[in-house]
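[1] this one's structure only:
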(Lines give C-alpha, C1' and ligand atoms only; values in the text may rest on other atoms or scores of the structure.)
Protein backbone atom coordinates (compact mmCIF):
# COMPACT_ATOMS: atom_id res chain seq x y z
CA UNK A 1 0.00 0.00 0.00
CA UNK A 2 1.33 3.43 -0.96
CA UNK A 3 1.80 5.91 1.87
CA UNK A 4 1.70 9.56 0.83
CA UNK A 5 4.95 11.30 1.69
CA UNK A 6 3.23 14.70 1.58
CA UNK A 7 0.65 13.70 4.18
CA UNK A 8 3.16 12.37 6.74
CA UNK A 9 4.72 14.38 9.54
CA UNK A 10 8.50 14.69 9.79
CA UNK A 11 8.78 11.83 12.29
CA UNK A 12 6.40 9.63 10.31
CA UNK A 13 8.53 10.13 7.21
CA UNK A 14 11.70 9.19 9.06
CA UNK A 15 10.10 6.13 10.65
CA UNK A 16 9.01 4.82 7.25
CA UNK A 17 12.07 5.94 5.28
CA UNK A 18 14.67 4.33 7.56
CA UNK A 19 15.12 0.66 8.41
CA UNK A 20 12.59 -0.49 11.00
CA UNK A 21 13.21 0.87 14.53
CA UNK A 22 16.69 2.10 13.58
CA UNK A 23 16.20 5.84 14.04
CA UNK A 24 17.85 7.40 17.09
CA UNK A 25 16.93 11.04 17.62
CA UNK A 26 19.31 13.66 18.96
CA UNK A 27 17.92 16.63 20.90
CA UNK A 28 14.36 15.26 20.98
CA UNK A 29 11.38 17.26 22.33
CA UNK A 30 12.15 16.00 25.84
CA UNK A 31 15.21 18.31 25.77
CA UNK A 32 12.84 21.28 25.36
CA UNK A 33 15.23 23.12 23.05
CA UNK A 34 13.13 26.07 21.91
CA UNK A 35 13.67 29.36 20.13
CA UNK A 36 14.40 32.27 22.51
CA UNK A 37 13.03 34.74 19.97
CA UNK A 38 9.52 33.34 19.59
CA UNK A 39 8.78 33.51 23.31
CA UNK A 40 9.74 37.19 23.40
CA UNK A 41 7.23 37.85 20.62
CA UNK A 42 4.50 35.82 22.28
CA UNK A 43 4.55 33.24 19.47
CA UNK A 44 4.00 29.55 20.38
CA UNK A 45 7.19 27.48 20.18
CA UNK A 46 7.95 23.81 19.59
CA UNK A 47 10.14 21.67 21.83
CA UNK A 48 12.19 20.53 18.81
CA UNK A 49 12.03 23.93 17.03
CA UNK A 50 10.55 22.29 13.96
CA UNK A 51 13.39 19.99 12.94
CA UNK A 52 14.20 16.35 13.77
CA UNK A 53 17.80 15.11 13.57
CA UNK A 54 19.56 11.84 14.34
CA UNK A 55 21.18 8.65 13.15
CA UNK A 56 19.56 5.63 11.47
CA UNK A 57 20.10 2.66 9.20
CA UNK A 58 19.13 2.85 5.54
CA UNK A 59 19.28 -0.49 3.73
CA UNK A 60 21.80 -1.59 6.36
CA UNK A 61 24.01 1.50 6.01
CA UNK A 62 24.52 3.96 8.86
CA UNK A 63 23.27 7.38 7.79
CA UNK A 64 22.51 10.70 9.40
CA UNK A 65 18.91 11.74 8.79
CA UNK A 66 17.09 14.98 9.43
CA UNK A 67 13.59 16.21 8.66
CA UNK A 68 11.95 19.61 8.82
CA UNK A 69 8.42 19.73 10.22
CA UNK A 70 6.26 21.71 7.83
CA UNK A 71 3.46 21.75 10.38
CA UNK A 72 5.42 24.14 12.62
CA UNK A 73 5.80 27.61 11.12
CA UNK A 74 5.94 26.09 7.65
CA UNK A 75 9.32 24.53 8.39
CA UNK A 76 10.80 28.02 8.73
CA UNK A 77 14.44 28.31 9.76
CA UNK A 78 15.33 30.16 12.94
CA UNK A 79 18.42 30.30 15.15
CA UNK A 80 17.90 27.02 17.05
CA UNK A 81 16.48 25.19 14.02
CA UNK A 82 19.55 26.15 12.00
CA UNK A 83 21.97 25.38 14.84
CA UNK A 84 20.57 21.85 15.10
CA UNK A 85 21.17 21.28 11.39
CA UNK A 86 24.69 22.72 11.52
CA UNK A 87 25.66 20.62 14.55
CA UNK A 88 24.20 17.53 12.88
CA UNK A 89 26.24 18.14 9.72
CA UNK A 90 29.45 18.85 11.65
CA UNK A 91 28.98 15.62 13.58
CA UNK A 92 28.79 13.84 10.23
CA UNK A 93 32.29 15.13 9.47
CA UNK A 94 33.57 13.48 12.65
CA UNK A 95 31.67 10.19 12.46
CA UNK A 96 31.63 9.80 8.66
CA UNK A 97 28.31 8.00 8.00
CA UNK A 98 27.57 6.43 4.63
CA UNK A 99 25.49 9.48 3.78
CA UNK A 100 23.47 12.41 5.06
CA UNK A 101 19.78 12.53 4.14
CA UNK A 102 17.76 15.71 4.68
CA UNK A 103 13.98 15.70 4.27
CA UNK A 104 13.50 19.37 3.44
CA UNK A 105 10.20 21.19 3.84
CA UNK A 106 10.47 24.90 4.45
CA UNK A 107 9.18 28.26 3.35
CA UNK A 108 12.60 29.74 4.16
CA UNK A 109 13.75 31.94 7.01
CA UNK A 110 11.28 32.86 9.76
CA UNK A 111 10.46 36.54 9.58
CA UNK A 112 10.35 36.52 13.40
CA UNK A 113 14.07 35.66 13.46
CA UNK A 114 15.16 37.31 10.22
CA UNK A 115 18.85 38.04 10.83
CA UNK A 116 19.46 34.98 12.99
CA UNK A 117 17.68 32.83 10.43
CA UNK A 118 19.69 34.22 7.51
CA UNK A 119 22.95 33.57 9.34
CA UNK A 120 21.75 30.06 10.18
CA UNK A 121 21.00 29.29 6.52
CA UNK A 122 24.47 30.46 5.45
CA UNK A 123 26.04 28.22 8.09
CA UNK A 124 23.95 25.25 6.94
CA UNK A 125 25.07 25.82 3.35
CA UNK A 126 28.72 25.90 4.39
CA UNK A 127 28.30 22.75 6.47
CA UNK A 128 26.64 20.91 3.56
CA UNK A 129 29.52 21.83 1.26
CA UNK A 130 32.05 20.73 3.91
CA UNK A 131 30.34 17.34 4.16
CA UNK A 132 30.36 16.97 0.38
CA UNK A 133 34.04 17.97 0.23
CA UNK A 134 34.76 15.18 2.72
CA UNK A 135 33.31 12.65 0.26
CA UNK A 136 30.10 12.00 2.20
CA UNK A 137 27.05 12.14 -0.09
CA UNK A 138 24.36 14.62 0.89
CA UNK A 139 20.87 13.71 -0.32
CA UNK A 140 17.89 16.07 -0.12
CA UNK A 141 14.32 14.81 -0.45
CA UNK A 142 11.50 17.25 -1.27
CA UNK A 143 7.85 16.25 -1.26
CA UNK A 144 6.11 18.12 1.54
CA UNK A 145 3.06 20.33 1.15
CA UNK A 146 5.04 23.50 1.91
CA UNK A 147 7.68 22.85 -0.73
CA UNK A 148 11.26 24.04 -0.31
CA UNK A 149 11.76 27.78 -0.73
CA UNK A 150 14.00 30.64 0.30
CA UNK A 151 17.27 29.79 1.98
CA UNK A 152 16.41 26.11 2.16
CA UNK A 153 15.99 26.11 -1.61
CA UNK A 154 19.63 27.20 -1.80
CA UNK A 155 20.63 24.53 0.72
CA UNK A 156 18.87 21.88 -1.36
CA UNK A 157 20.80 22.85 -4.48
CA UNK A 158 24.08 22.50 -2.56
CA UNK A 159 23.50 18.75 -2.12
CA UNK A 160 24.97 15.88 -4.14
CA UNK A 161 21.54 14.53 -5.00
CA UNK A 162 18.10 16.08 -5.08
CA UNK A 163 14.99 13.88 -5.16
CA UNK A 164 11.56 15.47 -5.64
CA UNK A 165 8.00 14.36 -6.23
CA UNK A 166 5.41 16.03 -8.44
CA UNK A 167 3.80 17.21 -5.21
CA UNK A 168 7.03 18.88 -4.16
CA UNK A 169 8.04 22.41 -5.12
CA UNK A 170 11.46 24.04 -5.22
CA UNK A 171 12.43 27.68 -5.78
CA UNK A 172 14.19 30.63 -4.21
CA UNK A 173 11.23 33.02 -3.89
CA UNK A 174 7.86 31.45 -3.20
CA UNK A 175 4.71 32.36 -5.16
CA UNK A 176 3.28 34.51 -2.35
CA UNK A 177 6.56 36.42 -2.01
CA UNK A 178 6.70 37.20 -5.73
CA UNK A 179 3.07 38.31 -5.74
CA UNK A 180 3.58 40.51 -2.68
CA UNK A 181 6.64 42.24 -4.13
CA UNK A 182 5.68 42.53 -7.81
CA UNK A 183 1.91 42.23 -7.87
CA UNK A 184 -0.62 39.66 -8.99
CA UNK A 185 -0.12 40.58 -12.65
CA UNK A 186 3.45 39.34 -12.38
CA UNK A 187 2.60 36.14 -10.51
CA UNK A 188 -0.78 34.94 -9.26
CA UNK A 189 -0.04 32.70 -6.28
CA UNK A 190 -3.60 31.32 -6.40
CA UNK A 191 -3.06 29.96 -9.91
CA UNK A 192 -2.13 26.39 -8.99
CA UNK A 193 -1.31 25.45 -12.58
CA UNK A 194 1.11 28.38 -12.80
CA UNK A 195 2.70 27.56 -9.44
CA UNK A 196 3.39 23.94 -10.34
CA UNK A 197 4.40 24.86 -13.90
CA UNK A 198 7.17 27.08 -12.53
CA UNK A 199 8.19 25.48 -9.21
CA UNK A 200 6.73 21.96 -9.25
CA UNK A 201 8.67 18.72 -9.22
CA UNK A 202 8.04 17.77 -12.84
CA UNK A 203 9.17 21.19 -14.04
CA UNK A 204 12.32 20.91 -11.94
CA UNK A 205 13.06 17.48 -13.39
CA UNK A 206 12.58 18.68 -16.97
CA UNK A 207 14.82 21.71 -16.40
CA UNK A 208 17.62 19.62 -14.87
CA UNK A 209 17.25 20.98 -11.35
CA UNK A 210 16.85 17.60 -9.66
CA UNK A 211 18.35 14.16 -10.06
CA UNK A 212 15.22 12.09 -9.73
CA UNK A 213 11.45 12.54 -9.94
CA UNK A 214 9.46 10.08 -7.83
CA UNK A 215 5.85 9.37 -6.91
CA UNK A 216 4.31 10.82 -3.75
CA UNK A 217 5.11 7.62 -1.87
CA UNK A 218 7.47 7.16 1.09
CA UNK A 219 8.72 3.87 -0.39
CA UNK A 220 9.67 5.65 -3.62
CA UNK A 221 11.67 8.25 -1.69
CA UNK A 222 13.37 5.47 0.29
CA UNK A 223 14.38 3.64 -2.89
CA UNK A 224 15.77 6.84 -4.41
CA UNK A 225 17.74 7.65 -1.25
CA UNK A 226 19.27 4.17 -1.21
CA UNK A 227 20.25 4.47 -4.88
CA UNK A 228 21.96 7.80 -4.15
CA UNK A 229 24.07 6.56 -1.24
CA UNK A 230 26.85 5.14 -3.38
CA UNK A 231 26.93 7.99 -5.87
CA UNK A 232 28.83 10.82 -4.22
CA UNK A 233 29.49 13.78 -6.52
CA UNK A 234 32.56 15.60 -5.14
CA UNK A 235 32.83 19.30 -5.87
CA UNK A 236 35.28 19.73 -8.74
CA UNK A 237 35.99 22.40 -11.31
CA UNK A 238 34.42 20.16 -13.95
CA UNK A 239 31.16 19.87 -11.98
CA UNK A 240 31.03 23.64 -11.44
CA UNK A 241 31.65 24.30 -15.13
CA UNK A 242 28.87 21.86 -16.04
CA UNK A 243 26.48 23.73 -13.74
CA UNK A 244 27.50 27.05 -15.27
CA UNK A 245 26.89 25.63 -18.76
CA UNK A 246 23.41 24.50 -17.69
CA UNK A 247 22.57 27.97 -16.39
CA UNK A 248 23.99 29.68 -19.49
CA UNK A 249 21.90 27.45 -21.75
CA UNK A 250 18.79 28.24 -19.72
CA UNK A 251 19.39 31.99 -19.92
CA UNK A 252 19.94 31.74 -23.67
CA UNK A 253 16.52 30.16 -24.18
CA UNK A 254 14.57 32.27 -21.68
CA UNK A 255 12.88 35.41 -23.01
CA UNK A 256 13.76 38.46 -20.94
CA UNK A 257 11.08 41.10 -20.46
CA UNK A 258 12.02 44.73 -19.74
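    Structure's in. What do you need? Keep in mind that what you see is a predicted model, and the values were worked out from it rather than measured. Residues are numbered from 1 along each chain as shown.

[2] what is the burial count for residue 241?
    10 (other C-beta atoms under 10 Å). Placement of C-beta: from N, CA and C, glycine included.

[3] how about the contacts made by it?
    The contact partners of residue 241, by C-beta atoms under 8 Å, 6 or more residues apart in numbering, come to none.

[4] and residue 88, by the same measure?
    By C-beta under 8 Å, 6+ apart, the residues touching residue 88 are 26, 53, 64, 66.

[5] ok, so of those residues, who is nearest residue 145?
    Residue 145 lies nearest to residue 66 out of the contacts of residue 88, by C-beta to C-beta, at 18.3 Å.

[6] how about the helices in the chain?
    Under the criterion DSSP state H, the chain contains helices at 10-17, 36-40, 79-95, 114-133, 151-157, 175-182, 192-199, 201-206, 218-229, 237-252.

[7] looking at those helices, which is closest to residue 1?
    Across the helices of the chain, the minimum distance to residue 1, taken as C-beta to C-beta, is reached by helix 218-229, at 9.4 Å.

[8] state the distance from the closest residue to residue 152 other than its chain neighbours to residue 17.
    Computed as C-beta to C-beta, 6 or more residues apart in numbering, the closest residue to residue 152 that is not its neighbour in sequence is residue 106, at 3.9 Å. The spacing between residue 106 and residue 17, counted by C-beta to C-beta, to the nearest Å, is 18 Å.

[9] which of those two has more neighbours?
    residue 106 (30 against 24).

[10] what's that one in contact with, if anything?
    Contact analysis of residue 106 by C-beta under 8 Å, 6+ apart lists 68, 70, 74-77, 146, 148-152.

[11] let's go with 6 Å and repeat that
    68, 75, 148, 152 (C-beta atoms under 6 Å, 6 or more residues apart in numbering).

[12] quick check: beta-bridge partners of the residue nearest to the second one when sequence neighbours are not counted?
    Using C-beta to C-beta, 6+ apart and skipping the chain neighbours, the partner closest in space to residue 75 is residue 106 (3.6 Å). Beta-bridge partners recorded for residue 106 (DSSP bridges): residue 148.

[13] okay, now the unreliable bits of the stretch 101-250 of the chain?
    Within the stretch 101-250 of the chain, the stretches with pLDDT under 70 are 232.

[14] quick one: contacts for residue 97?
    Neighbouring residues of residue 97 by C-beta under 6 Å, 6+ apart: 62-64.

[15] repeat that for residue 147.
    For residue 147, the contact set (C-beta under 6 Å, 6+ apart) comprises residue 169.

[16] how near is it to residue 168?
    6 Å.

[17] again with residue 23
    Using C-beta to C-beta, one gets 22 Å for the distance from residue 23 to residue 168.

[18] neighbour count: those two, which is higher?
    The neighbour count for residue 23 versus residue 168, taken as other C-beta under 10 Å, is higher for residue 168 (31 against 20).

[19] ok, the more buried one - contacts?
    Residues counted as contacts of residue 168 (C-beta under 6 Å, 6+ apart) are 142-143, 201.

[20] quick one, which of those are buried?
    142-143, 201 (16 or more other C-beta atoms under 10 Å).

[21] let's have these in TSV, adding distance to residue 8.
    Output for the buried ones among the contacts of residue 168, formatted as TSV (distance: C-beta to C-beta, whole Å):
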residue	distance to residue 8
142	14
143	9
201	17
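
[22] quick check: chain neighbours aside, which residue is closest to the residue nearest in space to the middle of the chain?
    Central residue of the chain (C-alpha atoms, centre = their mean): residue 104, 2.6 Å from the mean position. Sequence neighbours aside, residue 148 is the residue nearest to residue 104 in space, at 4.6 Å (criterion: C-beta to C-beta, 6+ apart).

[23] any idea how many residues pack against the one you found?
    Residues lying near residue 148 (other C-beta under 10 Å) number 34.

[24] then the one 5 residues further on?
    Residue crowding around residue 153 was assessed by other C-beta under 10 Å; the count is 24.

[25] beta partners of residue 138?
    Judged by DSSP bridges, the bridge partners of residue 138 are residue 100.
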